[in-house]
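Visitor: Below is the structure, and that's it, no one-letter string:
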């Protein structure tokens, strides 16, 4: 069995560690620290290219005027000596970034700026080095929530299963914008509306590729979307709550994931501090909640399933811990293992095999 590694990104100052590499020890149910990297300002989201052992992290830079700008940094991870070699750093968008994505061919990086309302396209070399910015798109407009949606807030990007399109989830506009990457530029293809006040944040595809799910931060819902591979369109079929009936406290949503067999969908609640588990039917078009389980910490901004689908790591930012859950592959339900790993302000956890 190929060894499993887990990378974690966190809130951090440049003089402290913000990027951590671990090896997963399934026999001991432990994360063994292998390497860490400093010199990054808030490397809060990562992307891993297992084929090249490359790690891409966002960071914050400063403009000549002193404002925050976006940056991306690449590393090579060597599993033979458990080292992280810093390869390159490049400026990304004119505003600070919150998410980084790599295209299926590892030729480009896409970054989004929540506060700047921007999407950036970066060139990527075969040796893992980040090249210059090729394009930047500025979103415009607002939606119905005056406090959260007074301007655009792109929160993530996700490539289509065939790599033809990249979808940018804009929390501030209640839409998912479809782009095509053509001749080194982001070409807007169409806007896909999500119900008013939703605040779409992160997107995940069903493994069959015909259905996608977006978790909506503002109104704590998950929308089921039908994907048209010819047009790049996403049509909202319906949406359902992430919270149990009767809960009246404050909450915002964060991450979403789909099991490798497409039978189950998982989403995180911050406030309720839980993972909601849905079981799918009708080839993924219908979801039914089957569990809400506490994340054994506060503010689960991110979580991830292991590639074999047997485990889930939940990153709880406000309690500085990553909680480990066992996945029942038949029911999709989670069980806490009594294992929690201390990490300073973890907000991205990425398991992968080499």
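Guide: Nice, thanks for sending it over. Note that the structure is predicted; figures quoted are calculated from it, not measured.

Visitor: Could you tell me how many residues sit around residue 3?
Guide: If you count neighbours by other CB atoms under 10 Å, residue 3 ends up with 11. Using the backbone N, CA and C atoms, a C-beta is placed for each residue, glycine as well.

Visitor: show me where pLDDT drops low in this protein?
Guide: Under the criterion pLDDT under 70, no range of the chain is flagged.

Visitor: remind me, longest strand of it?
Guide: strand 68-78 (DSSP state E).

Visitor: counting contacts, what elements does that strand pack onto?
Guide: Where contact means 3 or more CB pairs under 8 Å, 6 or more residues apart in numbering; DSSP states H and E, strand 68-78 is packed against strand 54-62, strand 83-91, strand 108-113, strand 130-138.

Visitor: after the shortest one comes which helix or strand?
Guide: When you say that, I think you mean strand 108-113. Toward the C-terminus, strand 108-113 is succeeded by strand 118-124 as the next helix or strand (DSSP states H and E).

Visitor: could you give the angle of that following strand to strand 54-62?
Guide: Going by axes from the mean of the first three to the mean of the last three CA atoms, to 10 degrees, strand 118-124 is angled at 130 degrees with respect to strand 54-62.

Visitor: The residue nearest to residue 241 when sequence neighbours are not counted: neighbour count?
Guide: Distances taken as CB to CB, 6 or more residues apart in numbering place residue 221 nearest to residue 241, at 5.7 Å, with adjacent residues excluded. Residue 221 has 23 neighbouring residues, counting by other CB under 10 Å.

Visitor: now swap in residue 62 and tell me
Guide: Residue 62 has 12 neighbouring residues, counting by other CB under 10 Å.

Visitor: try residue 79
Guide: Using other CB under 10 Å, residue 79 is surrounded by 14 other residues.

Visitor: what's the spacing between it and residue 34?
Guide: To residue 34, residue 79 is 9 Å away according to CB to CB, to the nearest Å.

Visitor: Can you tell me the SS state at the closest residue to residue 18 other than its chain neighbours?
Guide: Spatial nearest neighbour of residue 18, excluding adjacent residues (CB to CB, 6+ apart): residue 12 at 3.1 Å. At residue 12 the chain is in coil, as set by DSSP: H, G, I helix; E, B strand; the rest coil.

Visitor: Next up, the contacts around residue 12.
Guide: Residue 12 makes contact with 18, 38, 40-43, 344-345, according to CB atoms under 8 Å, 6 or more residues apart in numbering.

Visitor: about what we covered before: find residues that contact each of residue 79 and residue 34.
Guide: Residues touching both residue 79 and residue 34 (CB under 8 Å, 6+ apart) are residue 5.

Visitor: Sticking with the closest residue to residue 210 other than its chain neighbours, tell me its helix or strand.
Guide: Residue nearest to residue 210 in three dimensions, not counting chain neighbours: residue 227, with 5.7 Å by CB to CB, 6+ apart. Using DSSP H and E, residue 227 maps to strand 221-228.

Visitor: quick one: strands adjacent to that strand?
Guide: Strand pairing for strand 221-228, using DSSP bridges, gives strand 211-216 (antiparallel), strand 233-241 (antiparallel).

Visitor: State the paired neighbours of the very next helix or strand once past the last one in the sheet, together with their directions.
Guide: Spelled out, it's strand 233-241. For strand 233-241, the following helix or strand on the C-terminal side (DSSP H and E) is strand 252-258. Strands that pair with strand 252-258, judged by DSSP bridges, come out as strand 264-270 (antiparallel).
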